[in-house]
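Enquirer: let me see the structure of the following:
(one chain, ligands or ions: 1)
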Amino acid sequence: MKSLEVNFDGLVGPTHNYAGLSDGNVASLSNAHDVSSPKNAALQGLKKMKALHDMGMGQGVLAPQERPDIFSLRRLGFSGSDASVLAQAAKTSPALLSACCSASSMWTANAATVSPSSDSADGKVHFTPANLTNKFHRSLEPETTGNILKAVFNDENVFEHHLHLNDNDHFGDEGAANHTRLCTDYDDAGVQIFTFGRYAFNRAKPMPMKYPARQTLEASQAVARLHQLDDNRVVYVQQNPAVIDQGVFHNDVIAVGNQNVLFYHQQAFLNTEQFLGELRQKFSGDDLHCIQVNSDDVTVQDAVNTYLFNTQIITLNDGSMAIVAPMHCYENERVKAYLDNLVTMGTPIKEVKYFDVNESMKNGGGPACLRLRVALKESELAAVNPNCVLNDELYGTLVNWVEKHYRDRLSFDDLTDPSLLVESRTALDELTQILNLGSVYRFQR
Ligand SMILES: NCCC[C@H](NC(=O)CCC(=O)O)C(=O)O
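Expert: Numbering: from 1, shown residues only. Below you'll find the predicted structure:
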């Protein structure tokens with residue numbers, strides 16, 4: 001095999017909880033303050049990684065972040081011992097404490113935008129961490145994300161790491177969740193599709209009315225420039241503002257692509273025909289499958305509730321494709337019927353595999369949110385930190401690590417418990433040794 005796509009899944013962190021932090025994300029708001037299970041969440045994620053590895057897919061692991069984020073709480077004026085910082089924050093602003101405890105870095109589709117070497121003028125694999133400015137709890141992620149990416153892709157001859165874009169809503173960037181790459185083989189030059197929710201400097205253009213558009217066109221253009229992409233192989237398309245207002249906070253809630261397949265909902269984009277025309281013109285192969293799901297078959301609401309499009313489309317070793325879907329798709333009669341039919345339609349997608357990632361789904365993260373795709377040539381894969389590439393042994397080690405350090409249940413009151421901070425740091429310190437990351441966390445520096 002010359003090249004492959006490796007999914008780097010985020011390990012769910014020890015403070016995984018439901019805090020209702022994401023306005024515009026229906027699941028996050030409706031499950032606010034439920035009791036979570038960090039242990040089950042992490043094990044569900046690991047099971048998905050192991051299953052994909054067992055199917056012969058390249059599978060990597062990205063470490064979670066340091067939470068509670070004591071550094072941010074101190075930056076915002078809380079002082080004294082760590083225990084006192086937590087207690088003051090809980091008393092003054094429970095919402096702020098929750099935000100500083102979110103395990104949201106688990107959704108590594110939002111960690112960064114990645115461009116493979118075959119698309120970039122300098123022949124390197126480019127990474128730009130997403131600044132995630134639109135949500136305070138997520139804006140705490142980019143610096144550590146950058147540290148972790150540099151520790152995983154740690155060869156400067158092969159990998160180019162950029163600083164995240166300026167921390168301002170004008171350059172709001174949500175990473176790979178609004179970015180899809182289509183290609184023939186993974187190491188052929190591809191077409192990169194950047195999806196955005198609004199224009200930063202022109203408020204006369206269409207934008208959602210009810211919920212925020214997290215990504216701007218200008219942010220997407222900046223990433224394309226940094227990654228040295230060829231304009232002839234880049235397509236920018238605006239998300240339909242009406243679906244953002246129905247809970248499609250990232251484009252990967254309503255569209256997903258892999259190789260020569262784009263799978264999307266009829267209402268996903270603004271000016272769909274113009275977009276598809278440009279895509280067909282820029283995609284050089286003649287075998288492009290644009291699979292449109294019509295509203296008559298699956299409504300936007302069903303798509304948002306089941307995450308039909310937040311699925312992973314993967315290419316199996318025999319060249320056929322499979323869809324990795326959450327159980328919610330299986331349990332919804334209309335969506336299940338659609339998927340049953342899809343695999344008979346003569347497209348490259350021949351199979352659906354269902355996974356229980358419910359702990360993540362309850363915060364609005366399906367199978368696709370949990371992974372960052374990195375298309376690599378064999379020589380580039382050889383330059384990746386080998387301790388972060390999943391094999392049977394690493395899977396066993398990580399399962400034991402979770403069993404040893406994670407709590408079965410977590411509620412808001414537990415976030416103020418200073419021993420949760422100690423447990424979390426102990427776990428992460430051990431993890432950096434398992435994954436050979438060095439000192440990526442502030443508490444280690
Ligand atoms: N790609 C999926 C991202 C989901 C994520 N949810 C959250 O952060 C919810 C956290 C909470 O409400 O506790 C988000 O909206 O960015």
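Enquirer: okay, whichever residue of the stretch 251-400 of the chain sits closest to the ligand: pLDDT?
Expert: Minimum separation of the stretch 251-400 of the chain from the ligand (CB to the nearest ligand atom) falls at residue 369, amounting to 3.3 Å. For glycine as for every other residue, the C-beta is placed from the backbone atoms N, C-alpha and C. Each residue has a pLDDT score; the one for residue 369 is 98.
Enquirer: next: residue 412.
Expert: On pLDDT, residue 412 comes in at 93.
Enquirer: then residue 286?
Expert: Note on residue 286: pLDDT of 78.
Enquirer: what residues does the stretch 201-350 of the chain put near the ligand?
Expert: Contact residues, the stretch 201-350 of the chain versus the ligand (CB under 6 Å from any ligand atom): 249-250.
Enquirer: where do the helices sit along the stretch 201-350 of the chain?
Expert: For the stretch 201-350 of the chain, the helices defined by DSSP state H, counting those that start in this stretch cover 217-226, 241-244, 272-282, 300-306, 327-331, 333-342.
Enquirer: the stretch 51-200 of the chain now?
Expert: All helices of the stretch 51-200 of the chain, identified by DSSP H, counting those that start in this stretch, fall at 70-75, 82-92, 94-101, 136-139, 142-152.
Enquirer: so for the ligand, which of these sits nearest?
Expert: helix 136-139 (5.4 Å).
Enquirer: next one: the closest one to chain centre, how far?
Expert: Its chain's C-alpha centre and that of helix 136-139 lie 14 Å apart, by CA atoms, centre = their mean, to the nearest Å.
Enquirer: and that helix, what does it pack onto?
Expert: Judged by 3 or more CB pairs under 8 Å, 6 or more residues apart in numbering; DSSP states H and E, helix 136-139 is in contact with helix 94-101.
Enquirer: does any bit of the helix it packs on sit next to the ligand?
Expert: No - with CB under 6 Å from any ligand atom as the criterion, the ligand is not reached by helix 94-101; the gap is at least 6.9 Å.
Enquirer: low pLDDT regions in this structure?
Expert: The chain contains residues with pLDDT under 70 at 1-2.
Enquirer: wait, what's in contact with the residue of it positioned farthest from its centre?
Expert: Ranked by distance from the centre of the chain (CA atoms, centre = their mean), the top residue is residue 80, with 35.1 Å. Going by CB atoms under 8 Å, 6 or more residues apart in numbering, residue 80 touches residue 88.
Enquirer: check whether stretch 410-430 comes near the ligand.
Expert: No - Stretch 410-430 is not in contact with the ligand by CB under 6 Å from any ligand atom; minimum separation 10.5 Å.
Enquirer: rewinding a little: not counting sequence-adjacent ones, nearest residue to the residue of the stretch 251-400 of the chain closest to the ligand?
Expert: Nearest non-adjacent residue to residue 369, counting by CB to CB, 6 or more residues apart in numbering: residue 107, 4.2 Å away.
Enquirer: so residue 351 belongs to a helix, correct?
Expert: No - under the criterion used here (DSSP: H, G, I helix; E, B strand; the rest coil), residue 351 is strand, not part of a helix.
Enquirer: wait, it sits on residue 320?
Expert: Yes - if you go by CB atoms under 8 Å, residue 351 and residue 320 touch, sitting 7.1 Å apart.
Enquirer: about what we covered before: the helices of the stretch 51-200 of the chain into CSV, with extra columns for mean neighbour count and distance to residue 26?
Expert: What follows is those, written out as CSV (neighbours: other CB atoms under 10 Å; distance: least, CB to CB, whole Å):
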stretch, mean neighbour count, distance to residue 26
helix 70-75, 17, 27
helix 82-92, 17, 27
helix 94-101, 21, 18
helix 136-139, 19, 17
helix 142-152, 22, 25
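Enquirer: nearest to residue 123, of these?
Expert: Closest to residue 123 of the helices of the stretch 51-200 of the chain is helix 142-152 (CB to CB; 18.8 Å).
Enquirer: near the ligand at all, the closest one?
Expert: No - Helix 142-152 is not in contact with the ligand by CB under 6 Å from any ligand atom; minimum separation 13.2 Å.
Enquirer: now what about that helix, what contacts it?
Expert: In this structure, residues lying in contact with helix 142-152 by CB under 8 Å, 6+ apart are 8, 60, 62-63, 65-66, 105, 111-112, 127, 129-132, 161, 163-164, 167, 384-385, 388, 435-438, 440-442.
Enquirer: can I get the buried part of those as one PyMOL selection?
Expert: Buried members of the contacts of helix 142-152, defined by 16 or more other CB atoms under 10 Å, are picked up in PyMOL with:
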select buried, resi 8+60+62+63+65+66+105+111+112+127+129+130+131+132+161+164+384+385+388+435+437+440+441
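Enquirer: quick check: chain neighbours aside, which residue is closest to residue 339?
Expert: Take residue 339 and drop its neighbours on the chain: the residue closest to it by CB to CB, 6+ apart is residue 352, 4.9 Å away.
Enquirer: what sits against that neighbour?
Expert: 322-323, 325, 329, 339-340, 342-343 are the contacts of residue 352 under CB under 8 Å, 6+ apart.
Enquirer: try 7 Å this time
Expert: Neighbour list for residue 352: 322-323, 325, 339, 343 [criterion: CB atoms under 7 Å, 6 or more residues apart in numbering].
Enquirer: and for residue 307?
Expert: By CB under 7 Å, 6+ apart, the contact list for residue 307 reads 253, 326, 328-329, 361, 366.
Enquirer: quick one, what contacts the residue nearest to residue 105 when sequence neighbours are not counted?
Expert: Leaving aside its chain neighbours, residue 105 sits nearest to residue 65 (4.4 Å; criterion: CB to CB, 6+ apart). Taking CB under 7 Å, 6+ apart, we find residue 65 in contact with 13, 105, 141, 144.
Enquirer: ok, so of these, who is nearest residue 304?
Expert: The nearest member of the contacts of residue 65 to residue 304, counting by CB to CB, is residue 105 at 22.8 Å.
Enquirer: quick check, the closest one in contact with residue 62.
Expert: No - Residue 105 lies out of contact with residue 62 (CB atoms under 7 Å); the separation is 8.0 Å.
Enquirer: mutual contacts of the two, please.
Expert: Residues touching both residue 105 and residue 62 by CB under 7 Å, 6+ apart: residue 10.
Enquirer: please report the distance of the residue nearest the centre of the chain from the ligand.
Expert: Nearest to the mean C-alpha position of the chain, counting by CA atoms, centre = their mean, stands residue 109 at 1.6 Å. Per CB to the nearest ligand atom, to the nearest Å, residue 109 is found 5 Å from the ligand.
Enquirer: so who does that residue touch?
Expert: The contact partners of residue 109, taken as CB under 7 Å, 6+ apart, are 175-177, 252, 368-369, 371-372.
Enquirer: over to residue 6?
Expert: The contact partners of residue 6, by CB under 7 Å, 6+ apart, come to 58-60, 374, 376, 381.
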